[in-house]
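Asker: Whatever this is, show me its structure:
(chains A, B and C)
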Amino acid sequence: MKSREDLTKMTKIEVVVSGADAHAVRDLFRAAGATGFTSLSGVSGLGHHGYHQGRLLFNEQATLELLITVVPVEKVDALLAGLRPLLASSSGVMFLSDTFVSRPEYFA
Amino acid sequence: MKSREDLTKMTKIEVVVSGADAHAVRDLFRAAGATGFTSLSGVSGLGHHGYHQGRLLFNEQATLELLITVVPVEKVDALLAGLRPLLASSSGVMFLSDTFVSRPEYFA
Amino acid sequence: MKSREDLTKMTKIEVVVSGADAHAVRDLFRAAGATGFTSLSGVSGLGHHGYHQGRLLFNEQATLELLITVVPVEKVDALLAGLRPLLASSSGVMFLSDTFVSRPEYFA
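Answerer: As a prediction, the model looks like this:
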């Protein structure tokens, strides 16, 4: 794949939180130097400790928001430092994965 | 990236199915030991065999649901064993990818 | 993980564009040989150059669409060749990542 050579590896961070916490997540993204984000509404879910802790019945789903940002690898530490305390005090979850972009200057 | 050391590699499973099949997928997630899921509505699509089989015209999109779960690697086999027959008999698709989480106990 | 042996590595391409550009992206997907796509509405965001260029205030979010397709690695070059000019002239962003599927014939 020729094109992969032109692409730059970055880290995609996906956060699922209650609608009430979404604004705080966006502020953290910006404070850590993210240059943008994508936000998805129409999200429901059974928080990954819902099954465990029995806080929610199986059909009782929360209204959530999925927030996605992509940052250069060197900004990940700052982002995680901000997100960990927020997620620890809420029922949010966070996933990190590798992704490749064609215009790295947009995310740096 | 210092933080990556504190993260645990897991498998993210994304399933796109018709709204009618979404409940069965959630049941399979739970039966295979997933501790939660995220579900997105407002999803449309041209199922990946739609172009091929000519069942749908190009602008005729189905109402779908995107279901996401994250599980430890050792639970993937059980999850796939359950999902394969369901997807084979429906028009759903499934994608697996590596992801990293900060609180592995939430997903185990 | 036994199941991973049965899976085929492909490339997932996610594109976030304004609703007005979504149709052009779907056409490009098809022209490059993608066999389908998933489209998510209810997407908002601050385009990744929004913070930089000050075009948008922080709370002023655009209505966007997230389009996802999965293609065999050998189709990625054609897809990128089509998407790059479209994204350069709009405010869209694109992420590529590795993903694994169980029925590769659906995507080829």
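
Asker: Who does residue A:63 form a beta bridge with?
Answerer: Beta-bridge partners of residue A:63, counted by DSSP bridges, are residue A:44.

Asker: if I look at residue A:11, how far off is residue B:77?
Answerer: Using CB to CB, to the nearest Å, one obtains 28 Å as the distance from residue A:11 to residue B:77. Every C-beta, even on glycine, is put in place using the N, C-alpha and C of the backbone.

Asker: Pick out whichever of those two has more residues nearby.
Answerer: Ranked by neighbour count (other CB atoms under 10 Å in any protein chain shown), residue A:11 and residue B:77 place residue A:11 first, with 23 against 15.

Asker: Next up, phi/psi of that one, please.
Answerer: With angles defined as degrees, to the nearest 10, residue A:11 sits at phi -110, psi 130.

Asker: was I right about it contacting residue A:69?
Answerer: No: Residue A:11 is not in contact with residue A:69 according to CB atoms under 8 Å; the separation is 9.1 Å.

Asker: low-confidence ranges in chain A?
Answerer: Low-confidence segments of chain A, defined by pLDDT under 70, span residues A:1-4, A:47-62.

Asker: change it to 90
Answerer: Within chain A, the stretches falling below the threshold (pLDDT under 90) are A:1-6, A:18-20, A:35-36, A:41-64, A:87-92, A:102-108.

Asker: Next, give phi and psi for the one residue in it that gets nearest to chain C.
Answerer: Of the residues in chain A, the one nearest chain C is residue A:36, at a distance of 3.4 Å by CB to the nearest CB. Here is the backbone geometry of residue A:36 (degrees, to the nearest 10): phi 180, psi -180.

Asker: I figured it hits residue C:45, correct?
Answerer: Yes: A contact is recorded between residue A:36 and residue C:45 when judged using CB under 8 Å, the distance being 6.5 Å.

Asker: Tell me what angle the helix or strand in which residue A:39 is found forms with strand B:37-46.
Answerer: Residue A:39 belongs to strand A:37-46 when elements are defined using DSSP states H and E. Strand A:37-46 and strand B:37-46 meet at an angle of 120 degrees, taking axes from the mean of the first three to the mean of the last three CA atoms, to 10 degrees as the criterion.

Asker: Show me which positions of strand A:37-46 end up buried.
Answerer: In terms of neighbour count (16 or more other CB atoms under 10 Å in any protein chain shown), strand A:37-46 has its buried residues at A:37, A:38, A:39, A:40, A:41, A:42, A:43, A:45, A:46.

Asker: Among those, which one sits closest to residue C:16?
Answerer: Taking CB to CB as the measure, residue C:16 lies nearest residue A:38 of the buried residues of strand A:37-46, at 5.3 Å.

Asker: who are the neighbours in contact with the closest one?
Answerer: Applying CB atoms under 8 Å, 6 or more residues apart in numbering or on different chains to residue A:38 gives the contacts A:67, A:68, A:69, C:16, C:43, C:44, C:45, C:64, C:66.

Asker: which residues does it bridge with?
Answerer: Beta-bridge partners, per DSSP bridges, of residue A:38: residue A:68, residue C:45.

Asker: Next: residue A:15.
Answerer: Counting by DSSP bridges, residue A:15 is bridged to residue A:67, residue A:94.

Asker: where do the helices sit along chain A?
Answerer: The residue ranges that make up the helices of chain A, judged by DSSP state H, are A:19-31, A:50-53, A:76-88.

Asker: between those, which one is nearest to residue C:31?
Answerer: With distances scored as CB to CB, the stretch of the helices of chain A nearest to residue C:31 is helix A:19-31 (34.0 Å).

Asker: Briefly note if the closest one comes near chain B.
Answerer: No: between helix A:19-31 and chain B, judged by CB under 8 Å from any CB of the partner chain, nothing touches; the nearest distance is 13.7 Å.

Asker: Provide the backbone phi and psi angles at residue A:7.
Answerer: On the backbone of residue A:7 - angles per degrees, to the nearest 10 - the values are phi -100, psi 150.

Asker: ok, now which ones touch it?
Answerer: Listed by CB under 8 Å, 6+ apart, the contact set of residue A:7 reads A:100, A:101, A:102, C:96.

Asker: do the same with residue A:19
Answerer: If a contact means CB under 8 Å, 6+ apart, then residue A:19 has A:63, A:64, A:65 as its contacts.

Asker: And for residue A:15?
Answerer: Residues in contact with residue A:15 (CB under 8 Å, 6+ apart) are A:25, A:66, A:67, A:68, A:83, A:87, A:92, A:93, A:94.

Asker: so how far is stretch A:82-98 from its chain's centroid?
Answerer: 7 Å (CA atoms, centre = their mean, to the nearest Å).

Asker: Return the alpha-carbon coordinates of it using PDB.
Answerer: Coordinates of the C-alpha atoms in stretch A:82-98 are reproduced here as PDB (Å, rounded to 0.1, in the frame of the first residue of the first chain):
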ATOM      1  CA  GLY A  82      -6.800  14.900  32.600                       C
ATOM      2  CA  LEU A  83      -9.300  12.200  31.700                       C
ATOM      3  CA  ARG A  84      -8.400   9.600  34.300                       C
ATOM      4  CA  PRO A  85      -9.800  11.600  37.300                       C
ATOM      5  CA  LEU A  86     -12.900  12.600  35.400                       C
ATOM      6  CA  LEU A  87     -13.700   9.000  34.400                       C
ATOM      7  CA  ALA A  88     -12.900   7.600  37.800                       C
ATOM      8  CA  SER A  89     -15.600   9.900  39.400                       C
ATOM      9  CA  SER A  90     -18.100   9.100  36.600                       C
ATOM     10  CA  SER A  91     -19.300   6.000  34.900                       C
ATOM     11  CA  GLY A  92     -17.400   6.800  31.600                       C
ATOM     12  CA  VAL A  93     -15.100   4.600  29.700                       C
ATOM     13  CA  MET A  94     -12.200   5.400  27.400                       C
ATOM     14  CA  PHE A  95     -10.600   3.500  24.500                       C
ATOM     15  CA  LEU A  96      -7.300   4.400  22.800                       C
ATOM     16  CA  SER A  97      -6.300   3.000  19.400                       C
ATOM     17  CA  ASP A  98      -3.800   3.700  16.700                       C
END
